[in-house]
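Asks: sharing a sequence plus its predicted fold:
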Amino acid sequence: MSMIAAFYGGKSILITGATGFLGKVLMEKLFRTSPDLKVIYILVRPKAGQTLQQRVFQILNSKLFEKVKEVCPNVHEKIRAIYADLSQNDFAISKEDMQELLSCTNIIFHCAATVRFDDTLRHAVQLNVTATRQLLLMASQMPKLEAFIHISTAYSNCNLKHIDEVIYPCPVEPKKIIDSLEWLDDAIIEEIAPKLIRDWPNIYTYTKALGEMVVQQESRNLNIAIIRPSIVGATWQEPFPGWVDNINGPNGLIIAAGKGFLRALKATPKAVADLIPVDTVVNLMLAVGWYTAVHRPKSTLVYHSTSGNLNPCNWHKMGVQVLATFEKIPLERAFRRPYANFTSNNFTSQYWNAVSHRAPAIIYDCYLRLTGRKPRMTKVMNQILRTASMLEYFINRSWEWSTYNTEMLMSELSPEDQRVFNFDVRQLNWLEYIENYVLGVKKYLLKEDMAGIPEAKQHLKRLRNIHYLFNTALFLIVWRLLIARSQMARNVWFFIVSFCYKFLSYFRASSTLKV
Ligand SMILES: CCCCCCCCCCCCCCCCCCCCCCCCCCCCCC(=O)SCCNC(=O)CCNC(=O)[C@H](O)C(C)(C)COP(=O)(O)OP(=O)(O)OC[C@H]1O[C@@H](n2cnc3c(N)ncnc32)[C@H](O)[C@@H]1OP(=O)(O)O
Ligand SMILES: NC(=O)C1=CN([C@@H]2O[C@H](COP(=O)(O)OP(=O)(O)OC[C@H]3O[C@@H](n4cnc5c(N)ncnc54)[C@H](OP(=O)(O)O)[C@@H]3O)[C@@H](O)[C@H]2O)C=CC1
């Protein structure tokens, strides 16, 4: 019997960010392994014209939850969606709902955040710092609360090279920033933002670091733990391999590569690609929830959910495997054949951007214009290049994250818990994982049918022929122009032709002699 699964039985669990990538997988695993849990409260806002109920309905009826419905047929009754907007005062939660949350919650998993790298400082602070403070304040009024699990990111201290499982102080107190945002206007905030974030690469990682400081300062006598995942990727094993549902992190780039838009990336091939499967993160979260509530460590423990120091894989290996998978399982209607290289050199990267990205987009847009259609490829390409440049910081560096606490926790688990809540990334086979990942992107994200693979392969063959034809035509045109304008090119041309002629004559003569 799993101790962790039993622990969550009968519990009331509050999850923020439950409609996000991590939150959905967390709910799925909780329902599947502890179907006797009492209730999961989720703080949700209406979005994209959908009410709370419609959003929950959509999640529960997705492929991700198919297994859950077998184990926990009354899953609908065990989810309680509460209207909340984390960027508002008191989260805009009604009095009755707030009362219920305060009096019933046993465990909190705080996943909600803005993960956009380019968010405004005001919004990012509101969500990643102020909302965390507000939730801690709520937690301190919950008499039945056993553990508060805060999800941060392994990159919250990415301005350091070696990162321990400790909370590092930020140069400016979070409270000072929160207070000043109240009276400063937006233009001034955006002006001071670069000075505040100093050597952090973006507002996201900076505000996540502030969020951790808030956790430390406002922890009072709560049982708190912080989990820091690195780059969260598709599921490894559970509930099935390769599940993924948004275009964040590597996902968007994998699509762009598979469709042939992205054919070169400014990346350091030997840098560690610190990906961590989402189900591994969720297993660690549930184990940490149990450990924090039952063992009540004296201080706030930080757990790294990273792969680099236990089972490293670099970007080169990852890129090669992504491309190898596209050979076997191509994406439909590719713009060009998937091919690319990683370069860490600025000049080479600019060259590839011009030749491999912008030029084909401009040519294709000319073709669209000539055929009476609206040009769009340059816009798409600019968007992809902008995204790639935002991620560049993370694919050109390696970090060392220590994992003492995570390994300590692993050793505390019973063999059954180590199996059911496996977060030992040493068992991960990267090649297999990446293949399933790419397949998952095709199936679950792009919703492409596997029956379309032969047609997709045919399409790639056509693209290859067009590519050869185009290159040959281009070569002939350039050469013709050169010959017309330069004596030197003409001399080279006559030299080559006469050399070939002599070679052929010699070859013919020697074969006649043999006869
Ligand atoms: C020796 C050489 C060997 C060579 C070997 C061969 C090499 C082969 C190479 C192949 C090439 C590549 C293969 C792929 C291999 C994998 C590469 C992986 C690189 C992975 C890098 C990952 C780094 C992640 C770092 C994470 C660090 C922290 C992690 C976290 O804690 S949180 C999660 C991270 N957060 C995010 O990822 C959010 C990032 N997104 C944003 O901040 C914003 O979206 C934005 C990028 C700033 C863009 O903002 P905009 O306002 O401009 O746009 P908007 O968001 O409204 O979207 C507009 C349209 O763009 C689409 N889009 C958005 N995001 C992405 C994306 N990530 N990728 C692609 N497209 C994206 C969006 O859908 C919109 O489209 P539309 O609706 O159609 O308009
Ligand atoms: N994905 C990754 O690679 C990594 C993620 N993390 C951390 O993991 C956590 C979860 O990330 P992930 O699931 O990927 O992110 P998502 O963007 O998929 O999910 C974010 C969640 O936060 C919710 N949210 C955002 N703003 C509000 C708001 N104003 N009110 C209520 N809810 C809101 C979103 O709700 P809605 O659906 O309504 O938008 C969504 O449920 C974050 O804390 C992130 O920092 C850490 C490392 C890596």
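Replies: Nice, thanks for sending it over. Ligands and ions are numbered 1, 2, ... in the order given.
Asks: burial of residue 274, as a residue count?
Replies: Using other Cβ atoms under 10 Å, residue 274 is surrounded by 22 other residues. The way it works is simple: take the backbone N, C-alpha and C, and place the C-beta from them, glycine included.
Asks: just the C-alphas of stretch 388-406, formatted as PDB.
Replies: The C-alpha trace of stretch 388-406 is given here as PDB (Å, rounded to 0.1, in the frame of the first residue of the first chain):
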ATOM      1  CA  ALA A 388      13.800  31.700 -30.200                       C
ATOM      2  CA  SER A 389      15.700  34.800 -29.200                       C
ATOM      3  CA  MET A 390      13.800  34.900 -25.900                       C
ATOM      4  CA  LEU A 391      14.800  31.300 -25.100                       C
ATOM      5  CA  GLU A 392      18.500  31.800 -26.200                       C
ATOM      6  CA  TYR A 393      19.700  32.600 -22.800                       C
ATOM      7  CA  PHE A 394      18.600  29.100 -21.600                       C
ATOM      8  CA  ILE A 395      20.100  27.100 -24.400                       C
ATOM      9  CA  ASN A 396      23.500  28.700 -24.300                       C
ATOM     10  CA  ARG A 397      24.400  28.000 -20.700                       C
ATOM     11  CA  SER A 398      24.600  25.100 -18.200                       C
ATOM     12  CA  TRP A 399      23.800  25.300 -14.600                       C
ATOM     13  CA  GLU A 400      24.600  22.900 -11.700                       C
ATOM     14  CA  TRP A 401      21.700  22.300  -9.400                       C
ATOM     15  CA  SER A 402      22.300  20.300  -6.300                       C
ATOM     16  CA  THR A 403      19.700  17.800  -5.400                       C
ATOM     17  CA  TYR A 404      20.500  16.700  -1.800                       C
ATOM     18  CA  ASN A 405      16.900  17.200  -0.500                       C
ATOM     19  CA  THR A 406      15.300  15.600  -3.500                       C
END
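Asks: give me the mean pLDDT for stretch 112-127.
Replies: For stretch 112-127, mean pLDDT rounds to 96.
Asks: could you do stretch 446-453 as well?
Replies: Mean per-residue pLDDT for stretch 446-453: 96.
Asks: how far out from the middle of the chain is that stretch?
Replies: 22 Å (Cα atoms, centre = their mean, to the nearest Å).
Asks: buried residues in it?
Replies: 448, 453 (16 or more other Cβ atoms under 10 Å).
Asks: who touches that stretch?
Replies: With contact meaning Cβ atoms under 8 Å, 6 or more residues apart in numbering, stretch 446-453 is reached by 255, 329-332, 442-443.
Asks: before we move on, what SS does residue 123 have?
Replies: Recorded secondary structure, residue 123: helix (DSSP: H, G, I helix; E, B strand; the rest coil).
Asks: what does the stretch 201-350 of the chain have sitting close to ligand 1?
Replies: Counting by Cβ under 6 Å from any ligand atom, the stretch 201-350 of the chain comes close to ligand 1 at 231, 247-250, 252-254, 256-257, 262, 265, 269, 316, 318-320, 322-323, 340-342.
Asks: how about a cut-off of 5 Å?
Replies: Residues of the stretch 201-350 of the chain lying near ligand 1 by Cβ under 5 Å from any ligand atom: 231, 247-250, 252-254, 257, 265, 269, 316, 319-320, 322, 340-342.
Asks: what subset of the residues you listed is buried?
Replies: Among these, the ones that count as buried (16+ other Cβ under 10 Å) are 231, 247-250, 252-254, 257, 265, 269, 316, 319, 322, 340, 342.
Asks: of these, the lowest pLDDT goes to which?
Replies: Minimum pLDDT across those falls on residue 340, with 76.
Asks: which residue does this protein bring closest to ligand 2?
Replies: At 2.1 Å from ligand 2, residue 20 is the closest residue in the chain, using Cβ to the nearest ligand atom.
Asks: correct me, but that residue touches residue 112?
Replies: Yes. Between residue 20 and residue 112 there is a contact under Cβ atoms under 8 Å: 7.1 Å.
Asks: which residues of the chain fall in strands?
Replies: Secondary structure of the chain (DSSP state E): strands located at 12-16, 39-44, 79-83, 107-110, 147-151, 162-163, 224-229, 231-233, 264-266, 275-277, 301-305, 341-343, 400-401.
Asks: residues contacting the second one, please?
Replies: Residues from elsewhere that reach strand 39-44 (Cβ under 8 Å, 6+ apart): 12-16, 18-19, 23, 27, 30-31, 52, 55-56, 78-84, 86, 91, 93, 100-101, 104-105, 112.
Asks: ok, 6 Å please
Replies: With contacts defined as Cβ atoms under 6 Å, 6 or more residues apart in numbering, strand 39-44 is touched by 12-16, 18-19, 52, 55, 78-82, 84.
Asks: what angle separates that strand from strand 12-16?
Replies: Interaxial angle of strand 39-44 relative to strand 12-16 (axes from the mean of the first three to the mean of the last three Cα atoms, to 10 degrees): 20 degrees.
Asks: do strand 39-44 and ligand 2 meet at all?
Replies: No. Strand 39-44 lies apart from ligand 2 when judged by Cβ under 5 Å from any ligand atom; the minimum separation is 5.8 Å.
Asks: figure out how far that strand is from the centre of its chain.
Replies: Relative to where its chain is centred, strand 39-44 has its mean C-alpha point 24 Å off (Cα atoms, centre = their mean).
Asks: related to what we said a few turns ago, which of the residues of the stretch 201-350 of the chain next to ligand 1 fall in helices?
Replies: Residues from those lying in helices, with DSSP state H as the criterion: 250, 252-254, 257, 316, 319-320, 322.
Asks: hmm, back to that, what's the burial count for the residue of the chain closest to ligand 2?
Replies: Residue 20: 19 neighbours (other Cβ under 10 Å).
Asks: could you tell me which residues of the stretch 151-300 of the chain lie near ligand 2?
Replies: Taking Cβ under 5 Å from any ligand atom as the contact definition, the stretch 151-300 of the chain meets ligand 2 at 151, 153, 229, 232, 249.
Asks: what residue ranges in the chain score low on pLDDT?
Replies: Within the chain, the segments meeting pLDDT under 70 span 512-515.
Asks: where do the domain boundaries of it fall?
Replies: 3-240+277-311+400-405, 241-276+312-399+406-448, 455-514 (automatic domain parsing).
Asks: grab the nearest non-local neighbour of whichever residue of the chain sits closest to ligand 1.
Replies: Proximity of the chain to ligand 1 (Cβ to the nearest ligand atom) peaks at residue 252, 1.7 Å away. Nearest non-adjacent residue to residue 252, counting by Cβ to Cβ, 6 or more residues apart in numbering: residue 387, 5.9 Å away.
Asks: residue 400 contacts residue 165, doesn't it?
Replies: No. Residue 400 is not in contact with residue 165 according to Cβ atoms under 6 Å; the separation is 12.0 Å.
Asks: the more surrounded of the two?
Replies: Counted by other Cβ under 10 Å, residue 400 and residue 165 do not tie: residue 165 has more neighbours, with 17 against 13.
Asks: look up how far residue 154 lies from the more buried one.
Replies: For residue 165, the distance to residue 154 (Cβ to Cβ, to the nearest Å) stands at 10 Å.
Asks: quick check: neighbours shared by these two?
Replies: Counting by Cβ under 6 Å, 6+ apart, the common neighbours of residue 165 and residue 154 are residue 304.
Asks: who touches both of residue 400 and residue 165?
Replies: Listed as contacting both residue 400 and residue 165 by Cβ under 6 Å, 6+ apart is no residue at all.
Asks: can you name the two of the residues of the stretch 151-300 of the chain next to ligand 2 that are farthest apart?
Replies: 151 and 249 (14.9 Å; Cβ to Cβ).
Asks: quick check: closest non-adjacent residue to residue 199.
Replies: Distance criterion Cβ to Cβ, 6+ apart; nearest residue to residue 199, sequence neighbours excluded, is residue 159 at 4.2 Å.
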